[in-house]
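A.B. asks: no sequence on hand, only this structure:
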């Protein structure tokens, strides 16, 4: 009747006994009625929630790098025509690579159209 979100420290309690159907985050072949009734249990797409999740995994991450990486991540999620939006786990993997390669936050703010694809974007 409850679950704990480790990364944000929140415990979510049900007011009524829920019916739980676990599916992937994409709606590949979901029947229209089922998709219409589906609600996300936790608003993972909020920047502050993602920031808390990242902080739980990488507590020493530089705020500027985190902010720039999250802006790039959410911009990628809004890119029209993607078959699949980048997931939370892919964000965490990408940040791990950025941290291991010591990529500067400035690199993620690149405006040159020839360099707009973020570094290490295809590593996951």
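C.D. replies: Everything's here; your move. Only a predicted model underlies this, so the values are computations on that prediction, with no experimental measurement involved. Numbering: from 1, shown residues only.
A.B. asks: can we go C-alpha only for contacts and neighbour counts from here?
C.D. replies: Will do.
A.B. asks: same for the longest helix anywhere in the chain, what does it pack against?
C.D. replies: Identified as the longest helix of the chain according to DSSP state H is helix 63-77. When contacts are defined as 3 or more CA pairs under 8 Å, 6 or more residues apart in numbering; DSSP states H and E, helix 63-77 sits against helix 47-57.
A.B. asks: next, the angle helix 63-77 makes with the helix it packs on.
C.D. replies: Note on geometry: by axes from the mean of the first three to the mean of the last three CA atoms, to 10 degrees, helix 47-57 and helix 63-77 are set 120 degrees apart in direction.
A.B. asks: now do helix 47-57: which elements does it pack against?
C.D. replies: With contacts taken as 3+ CA pairs under 8 Å, 6+ apart, helix 47-57 sits against helix 63-77, helix 88-100.
A.B. asks: nearest to residue 13, of those helices?
C.D. replies: Residue 13 lies closest, by CA to CA, to one member of the helices and strands packed on helix 47-57: helix 88-100, at 22.8 Å.
A.B. asks: on the three-state scheme, residue 11 is what?
C.D. replies: Counting by DSSP: H, G, I helix; E, B strand; the rest coil, the backbone at residue 11 sits in strand.
A.B. asks: neighbours of it, just the number please.
C.D. replies: Other residues within reach of residue 11, judged by other CA atoms under 10 Å, total 11.
A.B. asks: can you offset everything so residue one is 447?
C.D. replies: From this message on, residue numbering opens at 447, which makes the last subject residue 457.
A.B. asks: show me the contacts for it.
C.D. replies: Contact criterion CA atoms under 8 Å, 6 or more residues apart in numbering gives 448, 449, 450, 451 as the residues in contact with residue 457.
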